[in-house]
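Q: next one to model:
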Amino acid sequence: MSAFADFLTGPWDHVFMRRAFLIAVMCGIVCGVVGSHVVLRGMAFIGDAVAHSVFPGVAIAFVLQWNLTLGGAVAGLVTALLVAVFAQNRRLKEDSVIGVFFAAAFGLGIVILSTAPGYSGSLESFLFGQILGISDGDVRTVAIAGTGLLLLALVLHRGLVTVGLDR
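A: Numbering: from 1, shown residues only. Next up, the predicted model:
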């Protein structure tokens, strides 16, 4: 076999590469379906705001030695709900509300983590993760959650499109 063929097939010999590829494909499919409804609704910026708002939840959970995933999920949900509540005020545009929560949440996470006693690590692992460190359990979790989200999007498709086009 040629060196080029070895280069193309070599990574598949490693289980961690296969898991990373599976996660990337599953997330790409789910994010494509859900993201099309978010963009249609005119809230493309909400993904960034919720992603960055997870950070203070992770930081608080880290300081209190709680479950990091649960802390991040709660913070993301709270931010999404707060954006929805504040966006109901017709004087404020949704993208402005989202931008304020985006910056405030991320700044809050940095403040919380920087004041944590004994923390001297890098923020990169919290911010970017490591797709090559995915476990089999993570693949199952993403597959189950992704399937649930796709089914929910299928069931709610007509209503989501209607609300996206005319509030």
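
Q: CA atoms for contacts and neighbours, from now on please.
A: Fine.

Q: now stretch 61-68: buried residues?
A: Using 16 or more other Cα atoms under 10 Å as the test for burial, stretch 61-68 gives 61-63, 68.

Q: correction: stretch 130-149
A: Going by neighbour count (16+ other Cα under 10 Å), the buried part of stretch 130-149 is 134, 139, 142-143, 146, 149.

Q: where do the helices sit along this structure?
A: With DSSP state H as the definition, the chain shows helices at residue ranges 3-9, 15-40, 46-64, 68-87, 94-114, 124-128, 136-165.

Q: neighbours around Ala116, how many?
A: Counted with other Cα atoms under 10 Å, residues neighbouring Ala116 total 15.

Q: contact partners for it?
A: Ala116 makes contact with Val63, according to Cα atoms under 8 Å, 6 or more residues apart in numbering.

Q: let's see that with 6 Å instead.
A: If a contact means Cα atoms under 6 Å, 6 or more residues apart in numbering, then Ala116 has no contacts.

Q: related to what we said a few turns ago, export the buried residues of stretch 61-68 to CSV and tack on distance to Leu160 and pLDDT?
A: Formatted as CSV, the buried residues of stretch 61-68 follow (distance: Cα to Cα, whole Å; pLDDT from 0 to 100):
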residue, distance to Leu160, pLDDT
Ala61, 33, 87
Phe62, 36, 83
Val63, 38, 85
Leu68, 31, 82
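
Q: those residues into JSON lines, with extra columns for distance to Leu82?
A: Supplementary listing: the buried residues of stretch 61-68 in JSON lines, determined by distance: Cα to Cα, whole Å:
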{"residue": "Ala61", "distance to Leu82": "20"}
{"residue": "Phe62", "distance to Leu82": "23"}
{"residue": "Val63", "distance to Leu82": "24"}
{"residue": "Leu68", "distance to Leu82": "21"}
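
Q: how about those, which pair is most distant?
A: Val63 and Leu68 (9.8 Å; Cα to Cα).

Q: between the buried residues of stretch 130-149, which is nearest Ala84?
A: Out of the buried residues of stretch 130-149, the member with the shortest distance to Ala84 (by Cα to Cα) is Leu149, at 20.0 Å.
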